[in-house]
Structure formats: structure tokens, C-alpha cells
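K.L.:
structure, please.
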Amino acid sequence: MSEQFSILIDSRTRFETSEPGGVWLSMPTTKEQLHEAMKSVGITAKNPQDFFINGFANTEQQPFDVPLPVIQSAGLDELNYLGNLLAMQRDEDRDKFTAAVALGERAGSVKDLINLAQNLDCYWIYPSVKTEEDYGHYLIEELDELELPEEAKNYFLYEEYGRDAAINDGGRFTEQGYIYNNRNTFTQWYDGRDVPEEYRVTPQPPVQEKEQADLD
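P.N.:
Prediction:
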């Protein structure tokens, strides 16, 4: 699958001593690619706690942007899950996802982003609408919200009308267009704990160790 975003992985020890290094890992990834990347920064089974995410980079294909702490708070399996979901999107869904992230209702964690990617039907986006005036024209001329005589349209305050409508919608103007929540039911597909098996790339501890860890 093509790269959707990348994370910069590093050794915490090296980072704290200001030693240069780190390697960019494309998402989605594979167990083999992850192993090679971790090996290149000195992360092994003996020092897994030294693993550190030190950067995030979006792509032209998926230009969504979130603060680095959002990425750092996630597990690698979660990030790979998100990468796979984004890789399966259609072009129009990519634009809607990027705009929905900018809207900010569900972008505070990778769990939020995973669920957002699977609930894009909860948002409407108008790609041609970039300003309040654009929105005013769209509502009047495309959606026929008001029946205005042609001579009245020359004097109508489209910008003010679009501004009030956007405030009522709770929407946002983005590079991808105007987006707002249409109040469809938002389904939480991912609970923040159980990443589907097919998206897991980190080594799993033996069953006995997991059971003991659960008991502890």
C-alpha cells in the first residue's frame, strides 16, 4: 500500500543525549519493515522501553495535520491501523477526512482519527465553498434556501448570510472546502484497546506473560 503518513522513530537514549539519528517509517507498514527500522536505531527485545516517536509527516495524498503529541500517545499498531484505513479511502473521502480533522471535533487522539475515518458519512463537505461569501451564494443559488428576485440578488448580503449559516452549522472553511457535522449517528468502531489482528505489527508477548500482566 502507498504511504499515507510517516513517523520518525528513534532511541530515547540517543535523543536525550542529542545524538543525531532516527529513521522515517512509512504507514501503513509491515512487521518486517518495522523490525528493520527499529534495528537501525538500536531498539531490540532487550530495550523496548527505549522506543521513541520523534516526528510526524503527512503526505500530498493525505495532507491531514495533527500535533505531534497526538501521534506520540498512540501505539504502533494503532498507527498502522489508521494508515491502512486511509489507504483504502477514495479520493473524495481523503479530502473529507482532511477537512474533518481540521474541523477538530474528533482529532484529539489516534483512536478518534480511526473512528473518524470510518464515519465520514457524518459530515457534509462543499469543495467549491472556501469563504463565507461563497457559502452565502451556495445556499441561495444552489440550495435555493431563499427565493430572491433576480434584481434583489445584486443587493443581497451573501457574506453575512453565509457567516450566520456557518455559525449555526458549527462548520469550518478549509482548503478542501466547507465542512460541517450533519448529525448522523457516529459509530465507535474502535474502542482504543483491541486493534484488529490484521493490523498488528508489534511483537506480542507469550500468552502466559500476557495473562500474568493482566493479573498484575
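
K.L.:
how about residue 56, what does it touch?
P.N.:
Residue 56 is in contact with 5-8, 66, 68, 71, counting by CB atoms under 8 Å, 6 or more residues apart in numbering. The way it works is simple: take the backbone N, C-alpha and C, and place the C-beta from them, glycine included.

K.L.:
mind listing which of these are in strands?
P.N.:
5-8 (DSSP state E).

K.L.:
so which of those residues is the closest to residue 91?
P.N.:
Of all those, residue 91 sits closest to residue 5, with 16.7 Å by CB to CB.

K.L.:
mind checking how far residue 94 is from residue 125?
P.N.:
Using CB to CB, to the nearest Å, residue 94 is found at 11 Å from residue 125.

K.L.:
just for this structure, where's the confidence low?
P.N.:
By pLDDT under 70, the weakly predicted segments of the chain are 1, 204-216.

K.L.:
can you pull out the strands in it?
P.N.:
With DSSP E as the criterion, the chain has strands at 5-11, 23-27, 51-58, 123-126, 172-174, 177-181.

K.L.:
quick one: closest of the ones you listed to residue 133.
P.N.:
Among these, the nearest to residue 133 by CB to CB is strand 172-174 (10.5 Å).

K.L.:
how about residue 188: what's its closest non-neighbour residue?
P.N.:
Sequence neighbours aside, residue 115 is the residue nearest to residue 188 in space, at 5.5 Å (criterion: CB to CB, 6 or more residues apart in numbering).

K.L.:
right, I mislabeled it, should have said residue 26
P.N.:
Of all residues not flanking residue 26 in the chain, residue 3 sits nearest, at 4.1 Å (CB to CB, 6+ apart).

K.L.:
how about that neighbour, what does it touch?
P.N.:
26-27, 59, 61.

K.L.:
can I get the strands of the chain in TSV including distance to residue 148?
P.N.:
Shown next, in TSV, are those (distance: least, CB to CB, whole Å):
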stretch	distance to residue 148
strand 5-11	45
strand 23-27	49
strand 51-58	42
strand 123-126	20
strand 172-174	23
strand 177-181	21
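
K.L.:
so the residue nearest to residue 188 touches residue 189, yeah?
P.N.:
Yes - between residue 115 and residue 189 there is a contact at 5.8 Å, judged by CB atoms under 8 Å.

K.L.:
who has more neighbours, these two?
P.N.:
residue 115 (19 against 12; other CB atoms under 10 Å).

K.L.:
re the thing from before, ok, and the most crowded of the ones in strands among the contacts of residue 56?
P.N.:
residue 7 (25 neighbours).
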